[in-house]
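this one's structure only:
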């Protein structure tokens, strides 16, 4: 094959390998049992969680738009915040100098702007 086609095929393969590596770092490393249906459910939940995490990373933009699942877990999903109630409203109280505040706010703004299902 021409070099251009071989390189394109190699890049497609690398994307698949990277996705498999990210899934193994998340939930596929420890499948729960030797039962097929339990493993199928675990796989579906792992892929769903991975895709939702990637969507939040894309909505956050900036440095996290192309971040790995592990980076998203350590930056956005393990946010050092408290859920506080005041004035009959719930708010997240984050540290003042949290380095990922801008990306978190961007993602939350985009998520809350999504239309509600009918």
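Received it, and whenever you're ready, just let me know what you need. Only a predicted model underlies this, so the values are computations on that prediction, with no experimental measurement involved. Numbers count the residues shown, from 1 in each chain.

and the next element down the chain from the lowest-mean-pLDDT helix or strand in the chain?
The least trusted helix or strand in the chain, going by mean pLDDT, DSSP states H and E, turns out to be helix 3-26, with a mean of 86. Once the chain leaves helix 3-26, the next helix or strand it forms, by DSSP states H and E, is helix 36-60.

which of the residues in that following helix are buried?
Using 16 or more other Cβ atoms under 10 Å as the test for burial, helix 36-60 gives 42, 46, 50, 53-54, 56-57, 59-60. Using the backbone N, CA and C atoms, a C-beta is placed for each residue, glycine as well.

roughly how far apart are residue 41 and residue 53?
Counting by Cβ to Cβ, to the nearest Å, the separation of residue 41 from residue 53 is 19 Å.

which residues of the protein score low on pLDDT?
Scanning the chain for pLDDT under 70 picks out nothing.

can you count the residues close to residue 72?
Applying other Cβ atoms under 10 Å, we find 22 residues neighbouring residue 72.

that one in helix, strand or coil?
Following DSSP: H, G, I helix; E, B strand; the rest coil, residue 72 is assigned to helix.

wait, it touches residue 51, no?
No: in this structure, residue 72 is not within contact of residue 51 by Cβ atoms under 8 Å, at 11.8 Å.

give me phi/psi at residue 89?
With angles defined as degrees, to the nearest 10, residue 89 sits at phi -130, psi 150.

start at 23 instead
Sure thing, new numbering starts at 23, so read that last one as residue 111.

beta-bridge partners for it, please?
Under DSSP bridges, the beta-bridge partners of residue 111 are residue 108.

for it, give its distance to residue 89.
Counting by Cβ to Cβ, the gap from residue 111 to residue 89 is 31 Å.

higher neighbour count, these two?
residue 89 (20 against 7).

which SS state does that one fall under?
Classification of residue 89 using three-state DSSP returns coil.

how close does it sit to residue 97?
7 Å.

center of this protein, which residue is that?
Geometric centre of the chain, nearest residue: residue 75, 1.7 Å, by Cα atoms, centre = their mean.

leaving out sequence neighbours, find the closest residue to it.
residue 94 (5.1 Å; Cβ to Cβ, 6 or more residues apart in numbering).

kind regards, and thank you for your time.
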